[in-house]
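[1] I'd like to go over a predicted model; first the sequence, then the structure.
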Amino acid sequence: DAEITQSPRHKITETGRQVTLACHQTWNHNNMFWYRQDLGHGLRLIHYSYGVQDTNKGEVSDGYSVSRSNTEDLPLTLESAASSQTSVYFCASSELAGEQFFGPGTRLTVL
Amino acid sequence: GENVEQHPSTLSVQEGDSAVIKCTYSDSASNYFPWYKQELGKRPQLIIDIRSNVGEKKDQRIAVTLNKTAKHFSLHITETQPEDSAVYFCAATWGGGFKTIFGAGTRLFVKA
């Protein structure tokens, strides 16, 4: 069965370190998205991609970057982790303007 | 700017009652409006969606209505059950594309 996975599921890091969160989907979807979820803010869009070599900034992109070298993967990098980036991160994928399939989430703590 | 407002933030109902969650959006180009349910510790999952060429859609106990003129859409859950307890998110696509903006969520409690 097709799926979308994220790794790691939990991560603790220190302020200033570079962190990369992985997202892998086997739906063969062109669209991929990264969100962060914080209490009271719902799901806020960080970056998104409509296909290989395409990346776009979302609502809260400062301090984050993504790259899309193939259809299956969209890794999210925190260049220099800050305590304000402690959150739960969800990756999602979709085909056209339709249902987004979410990964299980990564809980990131920045100390 | 890009915004989807969702109300109420918390909703408590008695089992068997109906629940209504309302959302408004600001982009007239929005054409896809999904609703997601997120149980505690789980990932969001689509429960129903509606496109801009339709005014209402129903799936068993769940229905969604869309008023494009008012830029307003709502989720209706009838005959609520304890397993309906979760956080519900509305969302809207943006700029005529696939980018999706989510509301802040509604925490629904269904009391047995």
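    Perfect, thanks for sending it.

[2] now A:Lys11: closest residue in space that isn't a chain neighbour?
    In space, A:Lys11 comes closest to A:Leu108 once its chain neighbours are excluded; the distance is 5.0 Å by Cβ to Cβ, 6 or more residues apart in numbering or on different chains. For the C-beta atoms, the positions are set from N, CA and C on the backbone; glycine is no exception.

[3] what pLDDT does the model give that neighbour?
    pLDDT for A:Leu108: 98.

[4] what residues are up against it?
    Contacts for A:Leu108 were tallied using Cβ atoms under 8 Å, 6 or more residues apart in numbering or on different chains; they are A:Lys11, A:Ile12, A:Thr13, A:Val19, A:Leu21, A:Leu78, A:Ala81, A:Gln85, A:Thr86, A:Ser87, A:Val88, A:Tyr89.

[5] with B:Ser26 instead?
    B:Gly1, B:Glu2, B:Asn3, B:Val4, B:Lys71.

[6] adding pLDDT and secondary structure as columns, could you present those residues in a markdown table?
    As requested, the contacts of B:Ser26 are exported to a markdown table (pLDDT from 0 to 100; DSSP: H, G, I helix; E, B strand; the rest coil):
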| residue | pLDDT | secondary structure |
| --- | --- | --- |
| B:Gly1 | 65 | coil |
| B:Glu2 | 74 | coil |
| B:Asn3 | 86 | coil |
| B:Val4 | 93 | strand |
| B:Lys71 | 93 | coil |
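
[7] over to B:Val20: give its phi and psi.
    phi -130, psi 130 (degrees, to the nearest 10).

[8] tell me which helix or strand in chain B has the weakest average pLDDT.
    strand B:100-102 (a mean of 91; mean pLDDT, DSSP states H and E).

[9] the strands in chain A, which residues?
    In chain A, the segments counted as strands under DSSP state E are A:4-7, A:10-13, A:19-25, A:31-38, A:42-51, A:54-57, A:64-66, A:76-78, A:87-94, A:101-102, A:106-110.

[10] out of these, which comes closest to B:Ile21?
    Closest approach to B:Ile21 among the strands of chain A (Cβ to Cβ): strand A:42-51, 12.6 Å.

[11] in space, what's closest to B:Leu75 - neighbours in sequence excluded?
    B:Ile21 (4.5 Å).

[12] which residue is the nearest non-sequential neighbour of B:Lys58?
    B:Val64 (8.0 Å).

[13] need the contact list for the residue nearest the centre of chain A.
    In chain A, the residue lying closest to the centroid (Cα atoms, centre = their mean) is A:Trp34, at 3.2 Å. A:Trp34 makes contacts with A:23, A:45-48, A:58, A:64, A:66, A:74, A:76, A:89-92, as judged by Cβ under 8 Å, 6+ apart.

[14] and these near chain B, which?
    For chain B, the contacts drawn from those by Cβ under 8 Å from any Cβ of the partner chain are A:Leu45, A:Tyr48, A:Gly58, A:Phe90.

[15] no more questions from me, cheers.
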